[in-house]
Structures are given as C-alpha cells and as structure tokens.
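A.B. asks: mind folding the following:
(2 chains)
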Protein chains: 2
Amino acid sequence: MRQIGRCRAHTNIALIKYWGKRNNDLFLPMNSSLSLTLDAFYTDTSVTLDSNLEMDEFFLNGMKQDKDETKKISRFLDLFRQTANSDVHAKIESYNHVPTAAGLASSASAFAALAGAANTAWQLNLDKQTLSTYARRGSGSSTRSIYGGLVEWNMGEGDISESSYAIEIDDASWDIGMIVIAINKNKKKLSSRIGMKLTVDTSPFYPVWVTEAKNDLIAMKEAIKQKDFIKLGEITESNGMKMHATMLGATPPISYWEPDSVKAINKVKEIRNNGIPCYVTMDAGPNVKVLCRQSQMSDILDKLKESFTNDQLICSAVGEGIKQLTDTEWSY
Amino acid sequence: MRQIGRCRAHTNIALIKYWGKRNNDLFLPMNSSLSLTLDAFYTDTSVTLDSNLEMDEFFLNGMKQDKDETKKISRFLDLFRQTANSDVHAKIESYNHVPTAAGLASSASAFAALAGAANTAWQLNLDKQTLSTYARRGSGSSTRSIYGGLVEWNMGEGDISESSYAIEIDDASWDIGMIVIAINKNKKKLSSRIGMKLTVDTSPFYPVWVTEAKNDLIAMKEAIKQKDFIKLGEITESNGMKMHATMLGATPPISYWEPDSVKAINKVKEIRNNGIPCYVTMDAGPNVKVLCRQSQMSDILDKLKESFTNDQLICSAVGEGIKQLTDTEWSY
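C.D. replies: Numbers count the residues shown, from 1 in each chain, chains lettered A, B, ... in the order given. All right, here's what the predicted structure looks like:
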C-alpha cells in the first residue's frame, strides 16, 4: 500500500489574538480569535503512507528530523490513523517557505498543511471545518490556516473538540495587506505555549483580557461587514496591545519586545500620524506586523526603509486556504 | 515686610505607583503609593515675601519665567496665603539639581521644596504631614518628597484633602540604592497628567490595577518590615510593569517606552540572572530606574556600561526629607 497526500497551507496573523487555553490537551482556547491569512509565508507538506515503514519518518526542508521532533508529528497523525482505523506509518516531507530573516517558521502553516496532506493520504475526505478541528490539535493557530482571507476561530463549547473550529468570514479582497518587520532575536524567548500558560495562571488582568477579546471580536466582525479598514486597524492594534499588557501583568512579567520592536511601533505610529492608515500587531516574539492597505504598501515601505533594512521588510498579500498540490506542483 | 523661607527637597521614585486621580482638583489618588527618596536629585527653592511686589515673580535656575509658568506657582502659593490670611506677593527662586542627561526635572521635588519654603516664609509652622497635603495640590508625587527614605502616600478618604498625606515608614538604611538609566527622548510624549486621565477613562484593566496596587502595597510594607530586599525588588518590578500594562490597555494604547528602555530592561534582567539582585521600575517617560543594593551598585554599573554611556548612568543613595536651608547653605 502506498498512498500520498500533498498540501500547501499559508500562515496567518491573528488580528484578535488567541492567548490561553481552557483545555491544554485538546488545545481549546479561552476566547474566539480572528486572523488574516498571508500569501508570503507557507508550508508544503507531503504524507506518504508506506506499509513497509516501521515508524513515521519526518523530513523538514530535506533534513531528517530526530526522534523527539518526529514523535510530535506521529502523535498528530495518530488522530488521522484513528479516524481511518489504520496503523500504517508514513513518510512526511515538509518545506517551509519563509524569508530567512523573518524567523517566522510558524507552526500555524505547518500543522494545517500536515492535516491537509494526511486527509488526502488516508482518503478521509474530511471537510475543511472538521479539518480545522484536527489542525487545532497540532497547534492552536493552525485551526485558522485551513482557510484564506479573514478567518474566525470559534472557541466552541466546554470540552467538545468538534465545537471549536474555524470558518472563513470574508475573502479580504478589499485592499488589505500586511508588512512583516523582522526583528532579529538576540536570545531565545519563552515559547508561546509556556507564555500563555503563565499568563492564564498568574496575570490578574487575564479575566479582563477574555472579556475584551470577546467584545473586540464582535466589533471587528462589524467593521469587516462594513469594510471599514480604519476600524479594522484600530481594533487590531488595540487588541494586540491588550494581549501584551495582559502578559506584562504576569508574575514574573512577560515581554517579547526587543528594542527594535519599539522602534517599529513608534515608526508605524509616525507614518499613521502623517496620514497613511497602518496598524501594528505583535505575537509571542519581537517581530512587528503592520496591517495596511495593499495599495499603500509601497509608500509605507519607503518610510519603513528609513529605519529598517530591505531584508527586514517582507510584504504580503492576502493568502488562500489550504490546497492540494498535484505531482507537477510538488517541485521538490 | 520681607520674610524669607529656603528649602531643599529631593525627588522620589515610586515603587508602588501612583497612576490616576479620584479627584482631579484636589489631586486625590485612586490608590495609595510608596516611594524611595533619592539623594542625587533635588530642588532648592526660596520664597521671599515682599509687600512691594504687585504679583509673584518666579525664577527657575536664574531665569525669570513667563506668565503661564508663574501662574501655576501663584495658584499653589494661594493655599499658603489663604492659611496665613495674607495677600502679600512673593519672589520665588528655584534651582533644580538634576544631571542634564537625566531629563528628570521632576515636579515632585519642585512642589515639595516650594511648600517647605512657603511654610517658613509665611511662618505657618505646618507639620510635615500637613505640609504633604499642601505639596500634593501642586503635584501628586510631591506629597511623598516631604520625607526621606521609604515613604507611603496614604490615599485617604472620599474628597477629604487632609486625609490624603504621606508618612515615612522606613529610613531605608539597609543597603538600598538606585541607578537611573537616562534614555534620550526622541520626541515629546504625553504628560503624566493626561496619560493617567486617559488610562482611568479608557483602560479596561484600570479597576484591576487599583486592586493590584492595594495588594502590592500590603505585601511591600511587609517586605520592608522584614528588610527583605529581594521581595521589595520583585514587588517593585511587578507593580511598575502592571502600571505600564494598564496604560497599554487604554484607547488608544499608551506607551512611554523607547527602544533603549527595552534594552535597559533586558540588560537588568540579564544582570539579575547572573546573580546580582536588581529590579527595574519606570514612570511616565522612557527612563529606567534600577533598584539595587547600595553595596552592589558599582558591580551593576560595570555591567550597565557595556550598554550605556557614563553620563546616562546616575547613581543615587537614599535621600532625606525636606530641610530648611540657612543663609550660608543657600549658595546661589
């Protein structure tokens, strides 16, 4: 038996953040979130079922990965094996397409692509919504990378895994783009998994964050409905800052900011004060993402180049959802 | 009639922050706070009552100030005139002793020195506690600069001005010091008056901040009682970060941080991780203050010099409360 699935998934950047789990095993979040899928960053993954294999084999960018790395992938694929009532092992090949400087090797695109490839390999024909609940079990933000455009990850109910899925709410085809400002990391920082757990457990602001995220989501969906870019941007920046504020309240205080993160934030504010609407958002790392109008990207880029080098600035259009790759499209 | 009062007051840095007023006219705070008075930064002020003057005259560092600046001082001196049942005008001379790079021309020492000098000039013999309620009406943090060492500013009750005063709770003579890391400001930022009002009015985290400040104050007073420097430092850093977190939650988000503020925070964390206890706190500006043991100051300074220039680093011992200056001590 030899079946193969090949899938491409793009990364996504949350505009309403996901920060904190209510169920650590099932990756069930404390709040619903909303993201923009990015065209410029993606992962291509193939899953080849091979009954001759005694265990899964995992290659990342052509390099065979060690036991520990492979184990994470195997455990994720067990979800598909279970559904397919199968015990066959697989060879997994994954290629990250991420500009080197960005340090954005996101697990979001990784587990979404893996889910898409596994779905095909085991011929499960799971629909996207169901697939998003599978992707979630690999990494929370992967849930949203199943879709393109503006995507809502519904937090769902209680401990019911199937209730916590993503849907595309808008194709974001109304002049939206994003510039990623890649800040070099000086040192290894706290993983988002540990950072969010510490925040949930120790920040007195956390309950307020959950309420704010809920309200921000409602307001943002309304802004999207009205294609109100300014409102979308303002809520994005405000929500991201509130997430970082919540972390700063943890014991000990958590901050992912580097000096150049503040330089980028201040620069974007300056550009905005000079009349071009653009808004920052940050995740569990020092990089700064700038939500802007696609049509104003080159003007903004010119201004950002006063403070950052060319290879620190990566422009992205809106990305699409996962897609199966044909033999000819799989070019590795 | 010609009466003169001369007074020196030191600035103070809050370890439990004051951020937000419950009564804007009377400068009554939303929470009690606790500070360390610093020896290195002070203001000398003389108040000379002169019945020949038709209005108050205000000289700062030898320069006559304009109408608007003088008006603020006059309005403050009206409190003393009222108490003394006097209508005489005064010549006010004020000298700030603040290393140039620090940008720390604090209103805390200014209004405390002015209050002390006015008290003598009008021969009111107000005790320090009462004087602290007068100083408060010029600038909230001045309340604490009446005293030396570790000072608590009791928030008081309702709209009762006399209930909101400062007291010295410890002379801080147990190996405590502070290093101010002066970060150059690139641009004029929001005043603390406006910043705190925006925070109170728009940050959803604000009610949590008030509760946290209350709890932190109780814990810090216990740490001071036990002369537990580590605990004192941990609460200081945590409380300051929570204040900045609360601002970050405002609409629009407020941040006083500059890139070099983050550099300083990260450097202090590195020094601490290498075994020397030291803790950061920040106010409504980019400067970073490092609470440390006086005896370890030079070791910490050596490390900080890897990242900052000599004139950015100002060491301070613990300062004393206000004191009247004799003719010979007044050297201007």
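
A.B. asks: only C-alpha atoms for contact and neighbour calcs from this point on.
C.D. replies: Fine.

A.B. asks: and the nearest residue to A:Ser203 once chain neighbours are set aside, what pLDDT?
C.D. replies: Nearest residue to A:Ser203 in three dimensions, chain neighbours excluded: A:Ala250, at 4.0 Å (CA to CA, 6 or more residues apart in numbering or on different chains). pLDDT, A:Ala250: 97.

A.B. asks: so A:Ser33 sits right up against A:Trp19, yeah?
C.D. replies: No - contact between A:Ser33 and A:Trp19 fails when scored by CA atoms under 8 Å: they sit 9.1 Å apart.

A.B. asks: the more surrounded of the two?
C.D. replies: Ranked by neighbour count (other CA atoms under 10 Å in any protein chain shown), A:Ser33 and A:Trp19 place A:Trp19 first, with 29 against 24.

A.B. asks: A:Ser331 versus the more buried one, what's the distance?
C.D. replies: Separation of A:Trp19 from A:Ser331 (CA to CA, to the nearest Å): 36 Å.

A.B. asks: in the stretch 201-332 of chain A, which spans are helices?
C.D. replies: A:206-225, A:229-248, A:259-273, A:297-304 (DSSP state H, counting those that start in this stretch).

A.B. asks: from those, which stretch is densest packed?
C.D. replies: Each of the helices of the stretch 201-332 of chain A was assessed for mean neighbour count using mean count of other CA atoms under 10 Å in any protein chain shown. The highest is helix A:229-248, with a mean of 24.

A.B. asks: which strands or helices does that one pack on?
C.D. replies: Contacts defined by 3 or more CA pairs under 8 Å, 6 or more residues apart in numbering or on different chains; DSSP states H and E place helix A:229-248 against strand A:2-16, helix A:192-202, helix A:206-225, strand A:278-281, helix B:229-248.

A.B. asks: low-confidence ranges, chain A, go.
C.D. replies: A:1-2, A:99-105, A:185-188 (pLDDT under 70).

A.B. asks: so which bits of it are right by chain B?
C.D. replies: A:204-205, A:208, A:212, A:238, A:241-242, A:244-246, A:248-249, A:251-253, A:257-263 (CA under 8 Å from any CA of the partner chain).

A.B. asks: spit out the contact partners of A:Leu77.
C.D. replies: A:Leu77 is in contact with A:Ala118, counting by CA atoms under 8 Å, 6 or more residues apart in numbering or on different chains.

A.B. asks: let me fix that, I meant to ask about A:Ala110.
C.D. replies: A:Ala110 makes contact with A:Ala9, A:Tyr42, A:Thr43, A:Asp44, A:Thr45, A:Ser94, A:Asn96, A:Ser142 under the criterion CA under 8 Å, 6+ apart.

A.B. asks: tell me the most packed of those residues, by neighbour count.
C.D. replies: A:Ala9 (35 neighbours).

A.B. asks: and that one, what does it touch?
C.D. replies: By CA under 8 Å, 6+ apart, the contact list for A:Ala9 reads A:Tyr42, A:Thr43, A:Asp44, A:Ser109, A:Ala110, A:Ala112, A:Ala113, A:Ser145, A:Ile146, A:Gly321, A:Ile322, A:Lys323.

A.B. asks: any idea how many residues pack against the residue nearest to A:Asn239 when sequence neighbours are not counted?
C.D. replies: Counting by CA to CA, 6+ apart, the nearest residue to A:Asn239 once its immediate chain neighbours are dropped is A:Ile16, at 6.0 Å. As a burial measure, A:Ile16 scores 28 neighbours (other CA under 10 Å).

A.B. asks: ok, now A:Ala182?
C.D. replies: 25.

A.B. asks: quick check: which of the helices and strands packed on helix A:229-248 is nearest to A:Glu306?
C.D. replies: strand A:278-281 (16.4 Å; CA to CA).

A.B. asks: list the buried residues in that closest one.
C.D. replies: For strand A:278-281, burial by neighbour count (16 or more other CA atoms under 10 Å in any protein chain shown) applies to A:Cys278, A:Tyr279, A:Val280, A:Thr281.

A.B. asks: next up, phi/psi of A:Gly177, please.
C.D. replies: Main-chain dihedrals, A:Gly177, degrees, to the nearest 10: phi -150, psi 180.

A.B. asks: JSON lines for the buried residues of strand A:278-281, including distance to A:Ala118?
C.D. replies: JSON lines is the format used below for those (distance: CA to CA, whole Å):
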{"residue": "A:Cys278", "distance to A:Ala118": "38"}
{"residue": "A:Tyr279", "distance to A:Ala118": "37"}
{"residue": "A:Val280", "distance to A:Ala118": "35"}
{"residue": "A:Thr281", "distance to A:Ala118": "32"}
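
A.B. asks: quote the end-to-end distance of stretch A:134-150.
C.D. replies: OK, stretch A:134-150 end separation, CA to CA: 20 Å.

A.B. asks: ok, residues contacting whichever strand or helix holds A:Ile169?
C.D. replies: Per DSSP states H and E, A:Ile169 falls inside strand A:166-170. Here strand A:166-170 makes contact (CA under 8 Å, 6+ apart) with A:129, A:132-133, A:143-144, A:146-154, A:224.

A.B. asks: for stretch A:309-326, same thing?
C.D. replies: A:5-10, A:36-40, A:99, A:101-102, A:112-113, A:116-117, A:145-149, A:172-173, A:176-183, A:294, A:297, A:301.

A.B. asks: also stretch A:133-144?
C.D. replies: A:11-12, A:18, A:26-29, A:34-35, A:37, A:76, A:79, A:107-112, A:114-115, A:132, A:146, A:151-153, A:161-162, A:164-167.

A.B. asks: among those residues, name the ones in helices.
C.D. replies: Of the contacts of stretch A:133-144, the ones assigned to helices by DSSP state H are A:Phe76, A:Leu79, A:Ser107, A:Ala108, A:Ser109, A:Ala110, A:Phe111, A:Ala112, A:Leu114, A:Ala115, A:Ser132.

A.B. asks: buried subset of the residues you listed?
C.D. replies: Buried among those (16+ other CA under 10 Å): A:Phe76, A:Leu79, A:Ser107, A:Ala108, A:Ser109, A:Ala110, A:Phe111, A:Ala112, A:Leu114, A:Ala115, A:Ser132.

A.B. asks: what sits closest to the last one if chain neighbours are left out?
C.D. replies: In space, and not counting its chain neighbours, A:Ser132 is closest to A:Thr143: 4.6 Å by CA to CA, 6+ apart.

A.B. asks: point me to the residue of the stretch 101-250 of chain A nearest chain B.
C.D. replies: In the stretch 101-250 of chain A, the residue found nearest to chain B is A:Ala245; the distance is 4.1 Å by CA to the nearest CA.

A.B. asks: quick one, what contacts that residue?
C.D. replies: Listed by CA under 8 Å, 6+ apart, the contact set of A:Ala245 reads B:Lys242, B:His244, B:Ala245, B:Thr246, B:Leu248, B:Gly249.

A.B. asks: quick one on the thing from earlier: off-centre distance for the strand holding A:Ile169?
C.D. replies: Here the centre of strand A:166-170 is set off from its chain's centre by 14 Å, with CA atoms, centre = their mean, to the nearest Å.

A.B. asks: do the same with stretch A:178-191
C.D. replies: Centroid separation between stretch A:178-191 and its chain, computed with CA atoms, centre = their mean, is 15 Å.

A.B. asks: same thing with stretch A:277-290?
C.D. replies: For stretch A:277-290, the distance to the chain centre is 13 Å (CA atoms, centre = their mean).
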